[in-house]
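Student: I need the structure of the sequence given here:
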Amino acid sequence: MKAAQFSYFGSPLEVIELEEVPDPPSPGDGEVGIDIMYVPVNVGDLLAMEGRYGASAFKLPRIAGVEGLGRISSVGENVNNVQVGDRVLLPPGHGTWCEKITAPAAQVTVLPDKGDAQQLCMMRANPASAYMMLTTFVDLSPGDWVIQNAANSGVGQYLIELAKLEGFKTVNIVRRPRTVEPLKQLGADLVLLDGADLQERVTAETGGASIKLGIDAVAGDASQKMAQCLAVGGTIVNYGLLSGKPCKIEPSEVIFRDIRLRGFWRAKWQITAPPEEVSRVTEHLVSHIVHGKLRSEIEAVYPFWKLREALHHAQHSDRVGKILLQMSE
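Tutor: Purely as a prediction, here's the structure:
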């Protein structure tokens with residue numbers, strides 16, 4: 001079978017190789033064989049190839065990708081939760097940029113027959129990240145405001161939709177004017193361009209709202225800008241490093257205004273959280289996607305053999321939607 005893997009860290013287009021590798025073994029006791037249908041290209045995948053995101057948690061060489069959707073092609077002994085032909089979410093954390101895998105049946109999530117396969121293939125990473133950051137770090141009530149940067153990212157778009165479903169309002173910070181209107185159409189309450197006077201504009205546009213939660217994908221100076229927009233005792237949850245720099249928050253924000261900085265890594269949560277919690281969140285989000293309440297813009301779908309074109313497109317700074325790889329029909 002074909003697999004996209006990397007054996008050293010560097011620019012994604014330099015390190016990734018589409019190679020012929022041995023097929024996975026036939027499923028053993030409690031295992032299933034899966035033909036992979038669609039996988040997304042996430043920012044985290046690109047950063048992982050560069051050695052900047054979760055690199056300490058895996059060994060090289062490594063098959064890229066952390067999520068996707070497939071169809072059960074075979075089952076081993078003592079498998080009762082799935083059958084051949086079922087659509088499933090791939091196990092979390094498994095190298096998914098390949099044509100097929102063998103995995104423990106207990107780690108796959110069976111999907112309903114209805115529901116857009118392309119939307120569902122993105123379920124494990126970005127929607128789960130947005131939901132957990134929105135609901136577990138700060139006790140919010142309907143009508144409360146949340147502020148986020150990189151609002152046009154995959155996580156950012158899901159956060160807007162999930163906040164709307166929970167009754168929260170969102171302040172969304174972006175860098176490019178062309179992203180403002182699409183986010184408003186998605187349900188964003190307020191979309192602002194980044195700038196030196198961000199705090200003043202946030203205060204004016206929200207009527208001086210007390211914002212208790214900030215979601216930071218950028219780090220660097222963006223963390224300080226976000227801290228200035230938060231109420232006393234507010235919390236910033238950082239989940240990304242788009243700036244390539246450490247989070248910067250002035251001591252005065254921490255000492256005198258009690259601003260807290262937390263981190264969130266979805267892969268760690270899925271491994272360490274109680275299985276029933278992961279299942280509950282997954283089922284909740286799958287239901288929203290199946291019923292059309294939760295979706296992400298898809299900019300392009302590439303066949304697997306056009307991997308390099310897909311990665312090149314995924315790195316475009318003016319991209320507004322997700323890039324998917326189609327591994328099979």
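Student: what's the domain layout of the protein?
Tutor: What automatic domain parsing lists as the domains of the chain is 2-124+297-326, 126-266.
Student: mind putting those domains in JSON lines, mean neighbour count included?
Tutor: To be clear about C-beta, it is placed using only N, CA and C from the backbone, and glycine gets the same treatment. Listed next are the domains of the chain as JSON lines, based on neighbours: other Cβ atoms under 10 Å:
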{"stretch": "domain 2-124+297-326", "mean neighbour count": "18"}
{"stretch": "domain 126-266", "mean neighbour count": "19"}
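Student: nearest to Ala273, of the ones you listed?
Tutor: Of all the domains of the chain, domain 126-266 sits nearest to Ala273, with 8.8 Å by Cβ to Cβ.
Student: where in the chain is pLDDT low?
Tutor: Within the chain, the segments meeting pLDDT under 70 span 329.
Student: report the next helix or strand after the host helix or strand of Ala204 in sequence order.
Tutor: Using DSSP states H and E, Ala204 falls within helix 198-206. Beyond helix 198-206 in the direction of the C-terminus, DSSP H and E gives the next helix or strand as strand 213-216.
Student: tell me which strands that next one pairs with, and in which orientation.
Tutor: strand 145-148 (parallel), strand 235-238 (parallel) (DSSP bridges).
Student: want to throw those into CSV with distance to Met122?
Tutor: Putting those into CSV (distance: least, Cβ to Cβ, whole Å) gives the following:
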stretch, distance to Met122
strand 145-148, 18
strand 235-238, 21
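Student: which one of these lies nearest to Gly195?
Tutor: Per Cβ to Cβ, nearest to Gly195 of these: strand 145-148, 14.3 Å.
Student: residues making contact with the closest one?
Tutor: Contacts with strand 145-148, where a contact means Cβ atoms under 8 Å, 6 or more residues apart in numbering, come from 134, 140, 156, 159, 163, 168-173, 189, 202, 206, 209-211, 213-217, 226, 229-230.
Student: where along the protein do the helices fall?
Tutor: Secondary structure of the chain (DSSP state H): helices at 12-15, 43-49, 117-120, 126-136, 154-166, 180-186, 198-206, 221-229, 251-255, 266-272, 275-290, 307-314.
Student: quick one: closest of the strands paired with strand 213-216 to Ala222.
Tutor: strand 235-238 (9.5 Å).
Student: what residues does the closest one touch?
Tutor: Outside strand 235-238, the residues that touch it by Cβ under 8 Å, 6+ apart are 133, 137-138, 212-217, 219, 223, 226-227, 230, 247, 249, 259-264.
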